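Engineer: pasting a predicted model and its sequence here:
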Amino acid sequence: MAEARNRKSGNSRFDRKNFSGDSKKRGIKGDERKGFKSESAKRGFYGAPVKNTEFENLEMVNAVPEESDKLEGRNSVMEALKANRTINKLFIAKGEKEGSIRQIIAIARQKGIITTEVDKNILDGMSTTRSHQGVIAYVAVKEYVEVDDILAAAQEKGEPPFIIILDEISDPHNFGAILRTANAVGAHGVIIPKRRAIGLTSTVSKASAGAVEYVPVSRVTNISQTIEYLKKNNVWVVGTDSTGEKAFYESDLKGPIALVVGSEGEGMGKLVREKCDFVVNIPMHGEISSLNASVAAAIVMYEILKQRGK
């Protein structure tokens, strides 16, 4: 009954009650002179050179592997460590030994990660986000996955696919916040276009509070064609727009589903909207006509989670 309410006329593609996650349905990242005397005095007569095994020299700042991404901020770096992502180098601000920084240093030491202590002004110069919180890590490039990998992840869990499609989201903070919510609601992956959209940058990682380590992201050439592919794999596609037929909480969002979130300024593209099985709206009763993209996405994602019975 619910399908009949949501589905566009003439679409009899799929009875979501029969979803089983069956694979057949799929087609299946100088020496400081002033210290010379005092150091000698401390070392005594046989003042052999002492190597600092915890931190390497500042010269190592420039020895950053070419094929690296950069993570900034304590949460981003901590989650990367927990997720066993390959970290090529870790830079810590001098004097930052309290709180989570201490834990980051301890885990890095256990994993044998090269750690370098540098002045804060050097970190400031390395930082892209201007909010590094005393730690920057150079990590292996985050790899994108295929759409099939996202579908397979759902199948492996024995769950109907729950996918987020971002139609030209360009603000890294919105993208990061959506990744964070996607992880929180248990979505199996996020799909973004290769063009006119932000990718997996250090700012996105920081905004996601480390969720980027856990949410698979697929970058595709054509969103509309990807929607058609998902439909062939029995996934319902629901768009979000102020002109949607029904409020999101009045719509059937159960079963295998892909939620489309439009760009910050224009919303969903015309062709993408036409490809959706149905479009829902978020009621607005105040003077403002729309919500931030990441906020709108979060509201509907949690409704999907609710209807999935979790």
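Structural biologist: The structure has been received and is ready for your questions. Residues are numbered from 1 along each chain as shown.
Engineer: all helices of the stretch 151-300 of the chain, in order?
Structural biologist: 172-185, 202-207, 223-232, 270-275, 293-307 (DSSP state H, counting those that start in this stretch).
Engineer: contacts only, for the residue sitting nearest the centre point of the chain.
Structural biologist: When Cα atoms, centre = their mean is applied to the chain, the residue found nearest the centroid is residue 212 (2.8 Å). By Cβ atoms under 8 Å, 6 or more residues apart in numbering, the contact set of residue 212 is 76, 142, 176, 179, 200, 204-205. Using the backbone N, CA and C atoms, a C-beta is placed for each residue, glycine as well.
Engineer: mind saving the C-alpha coords of stretch 137-146 as PDB?
Structural biologist: Output in PDB follows, covering the C-alpha atoms of stretch 137-146 (Å, rounded to 0.1, in the frame of the first residue of the first chain):
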ATOM      1  CA  ALA A 137      49.100  13.500   9.600                       C
ATOM      2  CA  TYR A 138      50.100  12.600   6.100                       C
ATOM      3  CA  VAL A 139      48.300   9.500   5.200                       C
ATOM      4  CA  ALA A 140      47.900   7.200   2.200                       C
ATOM      5  CA  VAL A 141      45.500   8.500  -0.400                       C
ATOM      6  CA  LYS A 142      41.900   7.700   0.500                       C
ATOM      7  CA  GLU A 143      40.600   5.400  -2.200                       C
ATOM      8  CA  TYR A 144      37.100   5.700  -3.600                       C
ATOM      9  CA  VAL A 145      35.100   2.500  -4.000                       C
ATOM     10  CA  GLU A 146      32.800   1.300  -6.700                       C
END
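Engineer: circling back: winner for burial among the helices of the stretch 151-300 of the chain?
Structural biologist: Highest mean neighbour count of the helices of the stretch 151-300 of the chain: helix 202-207, a mean of 25 (counted as mean count of other Cβ atoms under 10 Å).
Engineer: any regions of the stretch 51-200 of the chain where pLDDT drops low?
Structural biologist: Within the stretch 51-200 of the chain, the ranges that satisfy pLDDT under 70 run 51-68.
Engineer: just checking, residue 77 touches residue 137?
Structural biologist: Yes. Between residue 77 and residue 137 there is a contact at 4.7 Å, judged by Cβ atoms under 8 Å.
Engineer: hey, what's in contact with both of those two?
Structural biologist: 71, 87, 90.
Engineer: looking at these, which is nearest residue 112?
Structural biologist: residue 87 (10.1 Å; Cβ to Cβ).
Engineer: residue 187: what's it in contact with?
Structural biologist: Contacts of residue 187 by Cβ under 8 Å, 6+ apart are 162-164, 215, 301.
Engineer: how close does the residue nearest to residue 214 when sequence neighbours are not counted sit to residue 106?
Structural biologist: Using Cβ to Cβ, 6 or more residues apart in numbering and skipping the chain neighbours, the partner closest in space to residue 214 is residue 183 (5.2 Å). For residue 183, the distance to residue 106 equals 25 Å [Cβ to Cβ, to the nearest Å].
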